Every structure is written in structure tokens, then in C-alpha cells.
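Undergrad: Sequence first, then the predicted structure:
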Amino acid sequence: MKRMKMKTTNILVELFDAMFIMILCFGTLLSAMLMKGNTMAGMTYHINFITFGVMVLSLLIYLSLMVIHSEKGLKKMIKILYVEHK
């Protein structure tokens, strides 16, 4: 039971880390766009919902693969560094 709780906690921490970095990147790009000034007065942004949907789907696939493989990679690295050297 305790191991299952730790695994759930690890997944949530990894998801939080990945989302935090993505939000920082988005904030950086958004601030650069907003600080551009009035050089392009009347500039508007249009959202293509198909492209947006593909991007969200790709992001979900990437996050799920990252969570699955990062824990496996960490276990492999710990085994190599600590178990095999003893």
C-alpha cells in the first residue's frame, strides 16, 4: 500500500515539474509578445482549433511517456550506481 502511494506521489511530482517548466516557457513567450509594443498596431491572433487539438494531444502523449520512462530510467541509474558497485 505504501509503495503504491509513493508511486502516485512520484507521478504527481513529475507531472508538476513538467507542467511548471512548460508554463515558464509559455510565460516567457507571452511576455515577449506583449512587450513588443505598438509597432504592429491592430495585430490579432487567430486560433486554429485543429492545430490546438493536435498540440494538446501531443503534449498529453509526451507527458505520459515522460512519466513512464523517467521512473524506469531513474531505477536503472540507481541500480548501476549503487547496487552493481558494491
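TA: Happy to help now that I have it.
Undergrad: quick one: what helix or strand has the residue nearest the centre of the chain in it?
TA: Centroid-nearest residue in the chain: residue 18, 3.0 Å away (criterion: CA atoms, centre = their mean). In the assignment (DSSP states H and E), residue 18 maps to helix 2-34.
Undergrad: Please apply the same query to residue 47.
TA: Residue-wise, residue 47 maps onto no helix or strand under DSSP H and E.
Undergrad: Now stretch 60-70: buried residues?
TA: residue 67 (16 or more other CB atoms under 10 Å). (Each C-beta comes from the backbone N, C-alpha and C, glycine too.)
Undergrad: Just the C-alphas of it, formatted as PDB.
TA: Extracted in PDB, the C-alpha atoms of stretch 60-70 (Å, rounded to 0.1, in the frame of the first residue of the first chain):
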ATOM      1  CA  LEU A  60      -0.500  14.500 -23.300                       C
ATOM      2  CA  ILE A  61       1.300  11.800 -25.100                       C
ATOM      3  CA  TYR A  62       4.700  13.400 -24.300                       C
ATOM      4  CA  LEU A  63       3.800  13.800 -20.600                       C
ATOM      5  CA  SER A  64       2.600  10.200 -20.300                       C
ATOM      6  CA  LEU A  65       5.800   8.800 -22.000                       C
ATOM      7  CA  MET A  66       8.000  11.100 -19.800                       C
ATOM      8  CA  VAL A  67       6.400   9.900 -16.600                       C
ATOM      9  CA  ILE A  68       6.700   6.200 -17.600                       C
ATOM     10  CA  HIS A  69      10.300   6.300 -18.800                       C
ATOM     11  CA  SER A  70      11.700   8.700 -16.300                       C
END
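Undergrad: Show me where the chain dips below the pLDDT cut-off.
TA: 1-8, 35-46, 84-86 (pLDDT under 70).
Undergrad: how much does the helix or strand containing residue 64 deviate in direction from helix 2-34?
TA: Element membership for residue 64 (DSSP H and E) is helix 49-78. Inter-element angle recorded for helix 49-78 and helix 2-34: 130 degrees (by axes from the mean of the first three to the mean of the last three CA atoms, to 10 degrees).
Undergrad: Show me what helix 49-78 is packed against.
TA: helix 2-34 (3 or more CB pairs under 8 Å, 6 or more residues apart in numbering; DSSP states H and E).
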